[in-house]
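[1] Starting from these lines, generate the structure:
(3 chains)
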Amino acid sequence: MKKEFKLNKEKVLVIMFCSLLLIFSSLMYVFAQDSTLRILMFSSFVPQNDEALKAIGAEFGQEKGVKVEVDFVSIKDMYPKLVAQSDSKSGHDIIGLENLLPTTYKGSLLNLDDIIEEIIAQHGPFANIAKEICYQDGHWKSLPWWIVPFHSTYRMDYFKDVGEQVPRTWEDLLRAGKKLKAIGHPIGIALSATGDSNNALYQIMWGFGARIADSNGVVAINSPETRKALTYVKELYEKTMTPDVLTWDNGGNNRYMLSGIGSWTMNPISIWVIAKRDFPELAEQLNHYGAQYGPMGRHGAGDFYSLGIWDFSPNKALAKEFLLYLYKEGVMNSYLESGQGFNLATHPFFYEHPVFHRNPKISELIGYAEWMHYTGWPAPADKRAQEVYLRWTVPNMFTEVATGILSMDQAISKAEKELIEIGYKPAK
Amino acid sequence: MRRRLIKRILDHISIIPFLLFAFFPFYWMLITSLKKNSELYNLDSIPIWIKEGITLDHYIYLLQKTEFLTWLSNTIIVSILPTIISLIISFPAAYALARLRFRGAILFGMGIFAAYLIPPTLLFIPFSRVISYLKLSNSIWSLIIVYPSFMIPFSTLMLSAYFKTLPREIEDSAMIDGCNRLQIIYKIVIPLSIPGVITSTLFSFVFGWQNLIYTIAFISSSSQKTLSAGIATELIRGDVFYWGSLMAGALLATLPIVLVFAFLMDYYISGLTAGAIK
Amino acid sequence: MKKEESTAYFMITPAVIALIFTVGYPLIMAIYLSMTDTEVGKSESFIGLYNFVQLARSPLFQTAFKNSLLYTFVTIAVKLPLGLILALILNKELKAKKFLRGIILLPWVAPITISAIAWKWMYDSTYSVINWMFIKLGLIDYGILWLGKPWLARVSVMIVNIWRGTPFFAIIILAGLMTISEDIYDAANVDGAGTLAKFWYITLPLLKPVISFVVLFSTVMTISDFPIVHILTRGGPLNSTHLFSTLAFQIGLSTGYLGRGAAISLFIFPFLLLVVYFQLNLMRGKRWEY
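    Numbering: from 1, shown residues only, chains lettered A, B, ... in the order given. A predicted model of the protein is given here:
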C-alpha cells in the first residue's frame, strides 16, 4: 500500500518536471525557427558603437522585412562562446571575430568571396592586413571591419618640460624617457600577461627586424635582431619605466596615465576619451601619434575586428546581405561616426571619413592600417600565431630579460623551445 | 563572575580581526561606489574616505543605463528554481546514502560526486551541445536545467553528512514500534533535519547565484543574462573599467543574498536548538 | 534487507535520472574529448592518452600542476584552522550574533567574479588601497607590487581565495558544532575536563564527518578554481599563478585546442576519484553514536 503511495509522489514530480521541460523546448523550437538574423558582437569600448550596430540592424531588418537581433558580450567571454557555438553547430548567424580568430575557425566559417569581390569592385581593395588575416586557404573567411590601433599616447606638457619633441623613433623614445623618468614622470609599456604587452612588444621587435618565425613557419627568434630588441627593451625598462608595468592588465596603463604620473604609453584613444570626460585639464595635454619608426622601418600593431558567418547558419543568404549592407557608404559612415574616431577603417575608401578629421589628435592616426601587422607576422596567420599570442611567449621573454630573471640567451632559448612546442619548425 | 566577564570580552574581541578581514573590502567597495570619478582616479585622495562629496551617479548609471533589474530577477529565478528541484531530488537520495544499506551505494556516491570532478570550464562544452539540441540556447531555462548538476551532488552529500550526525536511535525505536520508512521520514527525520535542509538550500542558492561560466556559454542576450554576466559585459568595455558602477553592482548583487541569509538564520538557530533536544 | 534495498533504490531514482541527464552524457563526452585531438572547426580523431603524455612533458603544464597543488594545499591548510576557530567563536554567546554571522559570510556570498575585480583594484600598482594604508601606517616606503612578482602574485591570489573560502568552512563547521548537545560537555565538566581536553576529545571527533565533508568539497573546488586567478593575473606573471583551469581555458577555449584543454582539466581526475572513494567509505562506514 505505502509503496504505491511513494511511487505516485515521485512519479508525479518526475512527470511534472519532464512535461515542463517538453513544453519549454517546444516553445523555444517554435520561436527560434522564424527568419531572425542573429548577430553576436563584442561590446565596444564606446557604448555608442553598440547602439549604432543595433540601429543598423533594425534598419536592415525593416528594409528586408525580417527580425534582426544583435547581442553583445565582452571580448573575454566571446572566446568560450565561439567554442560552444562551433562545437554544437548552433548559435548566432554572424559573429564578431577578434584578431586571428578567423584562422582558428576557418573550418566553420562560410566563404565570403562573392561579397568581398563586390565590395572591392565598388570601393577598391582592402588594406594589406585585412587580406593577411581574413583570407585563409584560398578564400575570404571573414569580412574585415575595423581596427583599434595600438599607437602612442603622450603628455605634451611633460615632453616640453624636458625639451623633447614627439618621439617618432624608438631611439627618440629612449632618450626622452630617461629625462622624463628623472622628473618623476616615467613612461610605461606593459610587460605582463596582457594583450597590450603583446601589441607593444611586437612593434618593437618589428622595428628592429626581429620576428618569431618566418613566412614558412620556421622559427626565427634566435637572431641578432631579437637581441637588439631585447637590449633595447631592457634599457627602456631600467632607465625609463618603473616596475609597475609588470602588474598591468590592459587597463593598467590607462590608470597610470590618468593618475597624472605617466608621460607616455601605447594605447588607443580610450585614455584620452575618459580624460575628456573626467579630467579635462589632463585631456588637454594628451596627444597621439601613429606607428613608431625603428631601424627596420615603421610597424604598428593593434586589434583587428572582422565579421564571419557560421557555415551552419540557417540564414546564410540573409547574413551575406547584411554584411554587404554594412559596407554601403552611408551605413559604414554612420557606424564610424558613432565611434567618434575610436574605430579606424580597414578599407582605404573610408580612411578619410570626417570623424577622423575633426580633431587633430585623431587625424594623426589616419591610415594606421597601412603600417599594421597581425601579431605573429611574418609567420603565417594561423593557429600557432594565435597560441603564441595567448601564451604570452613574447611578453614573457622580454620580461625575463628586462627584470634580469634570465639572461638573454636563456630567455631566447626558452622562447624558442616554446615556439617549437607550439608547432613552428626548428631552424636548421 | 569576573572570569566569565573577561571570557566574554575576549570572545567578542577575538572575532574582530575576522570581521575586519571579511568586511574591509566591502567597506571599500561602498566608498568607491559613492565617489566621483575625478576623486576615484586622483592619487591624492584618500581611498577609504570621500572628500569631494558623495555621488549616486554610479548607482543611477547602473540602474538606468543597464538592464540591472532584469539581471537581478533572472538571477533570482535561476537560483531559486533549481535549488528547489535539487532539494526535492537530493533529500531522499541523501537519506538513502546515509541510512540505508544497498548495493552500489558507494558507486552511487562516487557517481554523484563525479560532476564536481569535471571543472565547469570543461563541462560547459558538452552541456552546450545538449542545450542547443534542446533548443534552449539563450534562455534562462538552459541554466535552470543545468544548475542542478552541481546543486544535487552538494545537497545530497551535505544532507547525508548531516543525517549521519543525527542519532539513529530515534528512527530505530520508531521502526521497532512498527512505523515504516516513509512515516519515519515524514514524522521524524524531516522535522529534525530542518537546519541541515536550510543550510544546504542556502548553499545551493548561493552556488546558483554566483555561477558565471554557464551563463557565458549559453546566454548572449542582455535580457537573459544573470547579474555577474551582465555586469561584466556592460561595465568592462575594452580596457576601461567603470569602477564606480562595478562596485555599486557588486554591492547590489550581494545584498539580496545577505538578506536571505539573515532572514533564514533565525530558522536555522531555532531549528537547531529544537533538534538538539532529545 | 531486500526491502531496505528496494526502498533505497526508489529513493535514489530521481537523483540518478537527473544526473544521467545532466552529468552522464556530458561527463563521458568530456572524458572522450580529452582523448582526442579535437580542435575547433576540425574533425577529430581518437588518440588515447597522447594528450596526457604530452602534457606531462610540457614545462608549462608542470608549472601549472605545481601551482595548483601548492594553491590548494596552502589555502586549505589556512582555511581549515581559521574556519574552525571562527566557528568556535561564533558558537559562543555573542551579542548581535545574527549580524556578526551575516558579516562573516559576506566574502563567500558575494559573487566571486565581481569581488575578484574589486580585489584587482585593491592590488593595483597605482591605486592600491592596501599599499596606501601600509604606507600611511609607516610599514613600507614604496607600494608593494602585489601582482607583479611571481611569488608575491601567488600569495596575493591565495589571500583572495582564503578571504573568500574561510566563511564556507566556518559556517559548515558551525552547523556541525551546533548539533553537539550540551549534555556531553556537561558530563565532561563533571569529570573535570579542561577546555583543551574537551575540544580535543569531544569536539573534534564529533566534527569529523563535517570536517571531512568540507575539506573534500573545498579541495575539489579549490583545485578547479578559476575566476580568482583568471581575473587577477590571467596566469601570470611569467605563468607563476596558472592553475589547471586557467591553463585549460587558455589552451582549450582561447586557442581552440579542445582535446588538450580537456586533458588538462581532467589530468588529476583519477586521483580525485580515489580521494572521493576513501571519503565516502569513511563517511558511510562509521556509525555515530553519542
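
[2] tell me the secondary structure for the residue nearest the centre of chain A?
    For chain A, the residue nearest the mean C-alpha position is residue A:303 (2.5 Å; Cα atoms, centre = their mean). Per DSSP: H, G, I helix; E, B strand; the rest coil, the local secondary structure of residue A:303 is strand.

[3] so it touches residue A:101, yeah?
    No. Counting by Cβ atoms under 8 Å, residue A:303 stays clear of residue A:101, with 11.0 Å between them. Heads up, the C-betas are built off the backbone N, CA and C, glycines and all.

[4] Can you give me the pLDDT of residue A:221?
    Looking at residue A:221, its pLDDT is 94.

[5] nope, residue C:59 is what I was after
    Residue C:59 is assigned 89 on the pLDDT scale.

[6] now residue A:186
    pLDDT recorded at residue A:186 is 95.

[7] got the contact list for it?
    Residues in contact with residue A:186 (Cβ atoms under 8 Å, 6 or more residues apart in numbering or on different chains) are A:177, A:180, A:240, A:241, A:242, A:261, A:262, A:263.

[8] Which ones among the residues you listed lie within helices?
    Among the contacts of residue A:186, DSSP state H puts A:177, A:180, A:240 in helices.

[9] quick one: the first one from residue A:241, how far?
    Read it as residue A:177. Separation of residue A:177 from residue A:241 (Cβ to Cβ, to the nearest Å): 7 Å.

[10] Over to whatever residue of the stretch 151-290 of chain C ends up closest to chain A. Which of the three states is it?
    Chain A sits closest to residue C:236 of the stretch 151-290 of chain C, with a gap of 3.0 Å, by Cβ to the nearest Cβ. Following three-state DSSP, we place residue C:236 in the coil state.

[11] tell me the phi and psi of it?
    The phi/psi pair for residue C:236 (degrees, to the nearest 10) reads phi -80, psi -170.

[12] Disregarding residues adjacent in the polypeptide, which is nearest to it?
    residue A:193 (3.0 Å; Cβ to Cβ, 6 or more residues apart in numbering or on different chains).

[13] Run through the residues of the stretch 51-200 of chain A sitting next to chain B.
    With Cβ under 8 Å from any Cβ of the partner chain as the criterion, the stretch 51-200 of chain A comes near chain B at residues A:69, A:71-77, A:80-81, A:83-85, A:87-92, A:148, A:196.

[14] so how many other residues sit close to residue B:93?
    By the measure other Cβ atoms under 10 Å in any protein chain shown, the count of residues near residue B:93 is 28.

[15] And the pLDDT for residue 180?
    All of this is about chain A. Reported pLDDT for residue A:180: 94.

[16] Switch to chain B, please.
    For residue B:180, pLDDT reads 72.

[17] what's the distance between it and chain A?
    Residue B:180 sits 6 Å away from chain A, going by Cβ to the nearest Cβ, to the nearest Å.

[18] Residue 89: neighbour count?
    Chain wasn't specified; assuming chain A. By other Cβ under 10 Å, 14 other residues sit near residue A:89.

[19] Not quite, go with chain C.
    Residue C:89 is flanked by 20 other residues according to other Cβ under 10 Å.

[20] How about the residues of the stretch 101-250 of chain C by chain A?
    Applying Cβ under 8 Å from any Cβ, we find that the stretch 101-250 of chain C lies next to chain A at C:120, C:123-127, C:145-149, C:233-239, C:249-250.

[21] ok, which stretches of the chain are strands?
    All of this refers to chain A. Counting by DSSP state E, chain A has strands at residues A:36-42, A:67-73, A:94-98, A:135-136, A:139-140, A:143-149, A:152-155, A:187-188, A:264-266, A:286-289, A:293-294, A:297-298, A:302-309, A:344-345.

[22] not what I meant, chain B
    Shown for chain B, the strands assigned by DSSP E span residues B:236-237, B:240-241.
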